[in-house]
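Peer 1: A structural model of the following input is requested.
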Amino acid sequence: MDDIARQARQGSVAAIIQVLNEKLADSGVRTRAMFADGVLQLLCEAATSEQLTQTTLVGQIRRILEAIAPRNIRRVNINSRIVREQQLLWLEEITRDPEGQLLWSEEIVLAQPNIFKQLAEAFQSEPAPKKTPPRNYPTSTATWGRKGNQFWLGIFGGASLVLVSLFAGWLLYEKFGPKQPAPVNRGPDRFVEAVRLAEQASAAGKTAQSSAQWLDLASKWEKAADLMNLVPASDPRYQTAQNRIAAYRQNSEKAQKEAQRRRSRN
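Peer 2: Numbers count the residues shown, from 1 in each chain. As a prediction, the model looks like this:
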């Protein structure tokens, strides 16, 4: 549980989902989530509308998330609907037709944790600084002073000559040397980033053992799906990206289920 809580505090969507589902299990509410455009999109599903009472459920989710204090997550959009068959592209569906898909939707802003609590957690995660052993100084201060002055004068004199030579060479190169064209900033290739992350998740899935490791895999697959979702329609790989969104999210949900199964065994 400590591993799951730690990953949730670090902003792992898969870990946040597991914590929410455990806390809301008695009310019969199940959640799914993804992080998009700086907002944690949360979908709450239950068998009846009574289980999804807006004021009650929003208050519960706010308390749970503020207790977790997930890093870099402040805005949360809570959506609710009657449970239905598994649908991998649920965010696209509710965005396209919110009135036909949802009972209600509400965005909340999480309160920031106490600054002293943040500092304490940061210091706990920082390794202790290494102690520098004391230096052994010469017993005769006068002798050391004379020799030290001569030594440093030689060092600074030689260094100054080198610096002057380098500076003169740099000026000549800047004036007469070849001019390089300014680099073109093409921005990150979301498709390539998503494929690289998916390959990492696929490789890690062959050796994953613990519940925490499977949660980390679920988070990687979800992130890969989010990156594919950012590929613009003008990109010739757009259709491939859309197909992989569904596959990656399916892998994320499988990893979440495996994490829950391994945790229940322990």
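Peer 1: which residues in this structure form helices?
Peer 2: Secondary structure of the chain (DSSP state H): helices at 2-9, 13-23, 54-68, 90-96, 98-101, 115-125, 141-176, 190-204, 211-229, 238-265.
Peer 1: Compute the mean per-residue pLDDT across the fifth one, please.
Peer 2: To tie it back to what came earlier, the one meant is helix 98-101. On average, the pLDDT along helix 98-101 is 81.
Peer 1: Can you point out the buried residues in that helix?
Peer 2: residue 101 (16 or more other Cβ atoms under 10 Å). No exception for glycine: its C-beta is placed from N, CA and C like everyone else's.
Peer 1: Other residues contacting it?
Peer 2: 79, 81, 93-94, 105 (Cβ atoms under 8 Å, 6 or more residues apart in numbering).
Peer 1: One more: the fourth one?
Peer 2: The contact list for helix 90-96 (Cβ under 8 Å, 6+ apart) reads 32, 34, 36, 41, 43, 79, 81, 87, 101-102, 105.
Peer 1: Show me how to select, in ChimeraX, the buried members of those.
Peer 2: Only the buried entries of the contacts of helix 90-96 go into this ChimeraX selection, using 16+ other Cβ under 10 Å:
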select :32,34,41,43,79,81,101,102,105
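Peer 1: taking the contacts of helix 90-96 as a set, which two sit the farthest apart in space?
Peer 2: Greatest spacing in those, by Cβ to Cβ: 36 and 81 (17.7 Å).
Peer 1: re the thing from before, take the contacts of helix 90-96 and write them to a markdown table, including distance to residue 237.
Peer 2: Converted to a markdown table, the contacts of helix 90-96 look like this (distance: Cβ to Cβ, whole Å):
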| residue | distance to residue 237 |
| --- | --- |
| 32 | 26 |
| 34 | 21 |
| 36 | 20 |
| 41 | 24 |
| 43 | 28 |
| 79 | 29 |
| 81 | 32 |
| 87 | 24 |
| 101 | 28 |
| 102 | 31 |
| 105 | 32 |
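Peer 1: Looking at the contacts of helix 90-96, which has the smallest pLDDT value?
Peer 2: Within the contacts of helix 90-96, the minimum per-residue pLDDT falls on residue 87 (63).
Peer 1: Which pair in the contacts of helix 98-101 has the greatest spatial separation?
Peer 2: 93 and 105 (12.9 Å).
Peer 1: can you list the domains in this protein?
Peer 2: As given by automatic domain parsing, the domain ranges for the chain are 2-122, 190-265.
Peer 1: Point out the most buried one among the ones you listed.
Peer 2: Ranked by mean neighbour count, the domains of the chain are led by domain 190-265 with a mean of 18 (mean count of other Cβ atoms under 10 Å).
Peer 1: So what's the predicted local confidence for residue 134?
Peer 2: 52.
Peer 1: Quick check: closest non-adjacent residue to residue 225.
Peer 2: The shortest distance from residue 225 to any non-neighbouring residue, by Cβ to Cβ, 6 or more residues apart in numbering, is to residue 248 (3.8 Å).
Peer 1: Distance check, the one you found against residue 188.
Peer 2: 18 Å (Cβ to Cβ, to the nearest Å).
Peer 1: separation between residue 78 and residue 65?
Peer 2: 10 Å.
Peer 1: I should have written residue 265 there, sorry.
Peer 2: Counting by Cβ to Cβ, the gap from residue 265 to residue 65 is 28 Å.
Peer 1: again with residue 89
Peer 2: Distance from residue 89 to residue 65, by Cβ to Cβ: 24 Å.
Peer 1: Once you drop chain neighbours, what's closest to residue 32?
Peer 2: Per Cβ to Cβ, 6+ apart, closest to residue 32 is residue 43, 4.6 Å.
Peer 1: I'd like to check which residues are in contact with the one you found.
Peer 2: 31-33, 79-81, 90-91, 94.
Peer 1: rerun at 7 Å
Peer 2: Residues near residue 43 by Cβ atoms under 7 Å, 6 or more residues apart in numbering: 31-33, 79, 90.
Peer 1: which one of those is nearest residue 49?
Peer 2: Once Cβ to Cβ is applied, the member of these that ends up nearest residue 49 is residue 79, at 13.7 Å.
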